[in-house]
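# Show me the folded form of this:
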Amino acid sequence: MFPASNYSSVTEFILLGFSSDPALNRIFFIIFLLLYLCSVLANGLIIILICLDSHLHTPMYFFLSNLSLLDIGNVTAIMPQMLVHMLSSSKLISFERCWMQLYIFGVIGISEGIFFAVMAYDRYIAICFPLRYMLILNWDLCVWLVVGAWASGFFFSIFHVFFTMKLPFCGHNVINHYFCDGLSVRNLACRDTHIIELVDLVLSIFTMLIPLSLILASYVRITMAILKIKSTQGRYKAFSTCASHLTVVTMFYAPVIYIYMRSNSIHSPEKIKVISLFYNVFTAFLNPMVYSLRNKDIKAAFIKVMMRNRVA
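Below you'll find the predicted structure:
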């Protein structure tokens, strides 16, 4: 555990959430509970289908199963606490639980951003070097890429949490958010935060800009390869294999860049809460739909499992 600063007088925080109106919070509770359950069930179903169907034992679906696991972890790290606060008169969260939530959120967010770069590399190899796909993306490399993505999340998130939670908090403990977000927490500090802002900027370069640059570079090469395909059907098939990935990358990176790559002075807390829902809640809910609705292999695996259970 990262201990609180010796100069900190704050032992717990208050999360304001979305509303102080009990009736409105009950409506929000039902909506977000359904979103949470659907996200966990849909992502869990994708993981189960990939494990059960041998036709899905390929690098692409191996990476997709890890992405689904990250989505489950993301909503589980944030939404249960948020749901409890919606029905409770107390909005308190302890200092320790706050930094733990902040750390887990950082681990999953960083790992997910790197996974998108790994999945872009997978699509690059599949389209630009289809005959050498399994030779280049062998299982040893796939495992190392997955381990590297997870390890990067655990490693880089430590620095952000350590520097944030070592800040002195001198009485102000109201966080205008629905979870312990780093930006909102450090705004409560009673000393200058330029050091942690510099740390976050450096971390953002390694964990957001570099993966995003690799994704863009991969798709530049993919686009060049697709344009060389003479048949319209061949171009459409090649592009359709990337459309799902491009969609989820956009849903993830657009709100993240808007919030974390802008100056603190131009942030609106209410706007941040709404925008953060896209990468915290809605991406976990929409990712399975984006991949399953556009993916014949996933739909075929689902039908096969259902038919097998019906026969049994």
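# any weak-confidence spans in the stretch 151-300 of the chain?
The stretch 151-300 of the chain contains residues with pLDDT under 70 at 261-267, 293-294.
# what about the helices in the stretch 151-300 of the chain?
With DSSP state H, counting those that start in this stretch, the ranges of helices along the stretch 151-300 of the chain come out as 182-186, 194-204, 210-227, 232-260, 269-277, 283-293, 296-311.
# Could you name the helices and strands sitting against the shortest one?
Using 3 or more Cβ pairs under 8 Å, 6 or more residues apart in numbering; DSSP states H and E as the contact test, the elements touching helix 182-186 are helix 95-128, helix 139-165, helix 194-204, helix 269-277. C-betas here are computed from N, CA, C, even on glycine.
# so which of the helices of the stretch 151-300 of the chain comes closest to residue 113?
helix 210-227 (5.0 Å; Cβ to Cβ).
# Using PDB, write down the CA coordinates of the closest one.
Extracted as PDB, the C-alpha positions of helix 210-227 are listed here (Å, rounded to 0.1, in the frame of the first residue of the first chain):
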ATOM      1  CA  ILE A 210       3.100   6.200 -28.400                       C
ATOM      2  CA  PRO A 211       0.500   3.400 -28.600                       C
ATOM      3  CA  LEU A 212      -1.800   5.800 -30.600                       C
ATOM      4  CA  SER A 213       1.100   6.600 -32.900                       C
ATOM      5  CA  LEU A 214       1.700   2.900 -33.500                       C
ATOM      6  CA  ILE A 215      -2.000   2.400 -34.300                       C
ATOM      7  CA  LEU A 216      -1.900   5.300 -36.800                       C
ATOM      8  CA  ALA A 217       1.300   4.000 -38.400                       C
ATOM      9  CA  SER A 218      -0.200   0.500 -38.700                       C
ATOM     10  CA  TYR A 219      -3.300   1.800 -40.400                       C
ATOM     11  CA  VAL A 220      -1.300   3.900 -42.800                       C
ATOM     12  CA  ARG A 221       0.400   0.700 -43.900                       C
ATOM     13  CA  ILE A 222      -2.900  -1.200 -43.900                       C
ATOM     14  CA  THR A 223      -4.500   1.500 -46.100                       C
ATOM     15  CA  MET A 224      -1.700   1.400 -48.600                       C
ATOM     16  CA  ALA A 225      -2.000  -2.400 -48.800                       C
ATOM     17  CA  ILE A 226      -5.800  -2.300 -49.200                       C
ATOM     18  CA  LEU A 227      -5.500   0.300 -52.000                       C
END
